[in-house]
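Student: sequence? don't have it. structure:
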């Protein structure tokens, strides 16, 4: 298993995440709505809004998974935040970075992962909107564009100040 690389801008990235004051907050329909739609559209068992903290990834929305967080060391999203585009692992069994990952060889038995980075207003990758399947898959270019567009929706919601919401 390969542990995610810590970005060079980690201090600024974490500061940007913490300024949102969203970690460890209660579930909210305005966030749950997007992963619910993504899960249905892509016909996957799991869709998440994952925010990558210092030592963990925390799920603001977890559709199809009972966990609220996992260690950053075993997270797929920890890898995805280091990318500009959609990060995909088509078959975890065939990928040496993940083939022995505890989330692959144990619950939830991840075989496919795709995550689109979520950025703060300052431009730091603070997490992902991701989809997970227990079977290998390949996303089309159009599907990747759509996942990115859904992630853009999450970004807009995260970056709207509370006092401007109706």
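Tutor: All right, it came through fine. Predicted model only: the values in this text are computed from it and were never measured.

Student: Can you name the residues that contact the spatially most central residue of the chain?
Tutor: With distances taken as CA atoms, centre = their mean, the residue of the chain nearest its centroid is residue 128 (2.9 Å). Applying CB atoms under 8 Å, 6 or more residues apart in numbering, we find residue 128 in contact with 48-50, 52, 77, 80-81, 87, 115-118, 151. Every C-beta, even on glycine, is put in place using the N, C-alpha and C of the backbone.

Student: can I assume it sits in a strand?
Tutor: Yes - looking at residue 128 with DSSP: H, G, I helix; E, B strand; the rest coil, it is inside a strand.

Student: And the pLDDT for it?
Tutor: Model confidence at residue 128, expressed as pLDDT, equals 98.

Student: which one is it nearest to, not counting chain neighbours?
Tutor: Leaving aside its chain neighbours, residue 128 sits nearest to residue 115 (3.7 Å; criterion: CB to CB, 6 or more residues apart in numbering).

Student: Isn't that neighbour up against residue 82?
Tutor: No - between residue 115 and residue 82 there is no contact under CB atoms under 8 Å: 10.8 Å.

Student: So for the two, which sits in the more crowded spot?
Tutor: More crowded of residue 115 and residue 82, by other CB atoms under 10 Å: residue 115, with 27 against 15.

Student: Which strand or helix spans the more buried one?
Tutor: Using DSSP states H and E, residue 115 sits within strand 112-119.

Student: packing partners for that strand?
Tutor: strand 46-52, helix 77-80, strand 87-89, strand 125-133, helix 141-158 (3 or more CB pairs under 8 Å, 6 or more residues apart in numbering; DSSP states H and E).
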